[in-house]
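Student: When you get a sec, could you give me coordinates for this:
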Amino acid sequence: MFFIIFIYIADDKMLMGEKGEKPADYFEGVLQLRDVTDEVLNWVHQEIIRAGRARIAKVQEFKNGIDIYLSAQHYMQAIGKQLQQRFGGVLKVTNRLFTRNSLTSRDVYRMTVLFRQLPFKTGDIITHHGEKWKITGVGNQINIQNTTSGEKKRLPADKLV
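Tutor: Numbering: from 1, shown residues only. Down below sits the predicted model:
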């Protein structure tokens, strides 16, 4: 259960954008955090406030995580990469066509950045196919090393979860 509530309202400028052209509920994408610890939630919240590069338009809580609607796509990607490097987990970035700009005739996309924290971290010992393996790296691929033979493998994170 998550007890952290994302609230960040600095002033009317922050809500309406610097020139006032974007409403408070404007967002370019969703940062989805699934199966994460409170430490990750606190870090994300503090990072968004510290950097000031995006506004939080809306927050939705789910049984296994939280969705944060942000106003900057590139910043969401940067946060996702930092989460993966700092806490280890699976990162998926997708986008979908939202509309077409009537003035420039360019496609406008909404982005989804999913970060799913893994239940283990670098240095943990796990059992895989009856043998003990040490985790040497965590990301979309998991690097493991056999504790007895020293054999190294790289596996998709989905196989170990």
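
Student: these two touch, right, Phe70 and Arg53?
Tutor: In this structure residue 70 is Leu, not Phe. No: at 9.1 Å, Leu70 does not count as touching Arg53 under the criterion of C-beta atoms under 8 Å. Where C-beta positions appear, they are placed from N, C-alpha and C, glycine not excepted.

Student: Please enumerate the helices of the chain.
Tutor: All helices of the chain, identified by DSSP state H, fall at 12-16, 38-51, 73-87, 157-160.

Student: Of all those helices, which one comes closest to Pro23?
Tutor: Closest approach to Pro23 among these (C-beta to C-beta): helix 12-16, 7.1 Å.

Student: Give me the domain ranges for the chain.
Tutor: Per the record, the chain has its domains at 24-117, 125-160, by automatic domain parsing.

Student: Identify the residues contacting stretch 112-127?
Tutor: Contact partners of stretch 112-127, identified using C-beta atoms under 8 Å, 6 or more residues apart in numbering, comprise 29-37, 40, 76-77, 79-80, 83-84, 87-96, 132-138, 142, 144, 147, 157, 160-161.

Student: Which stretches in this protein count as strands?
Tutor: 29-34, 56-62, 65-70, 89-100, 107-117, 125-128, 131-137, 141-146, 152-156 (DSSP state E).

Student: Deepest-packed of these, please.
Tutor: Comparing the strands of the chain by mean neighbour count (mean count of other C-beta atoms under 10 Å), strand 29-34 comes out on top with a mean of 22.

Student: what packs against that strand?
Tutor: Counting contacts by 3 or more C-beta pairs under 8 Å, 6 or more residues apart in numbering; DSSP states H and E, strand 29-34 packs against helix 38-51, strand 65-70, helix 73-87, strand 107-117.
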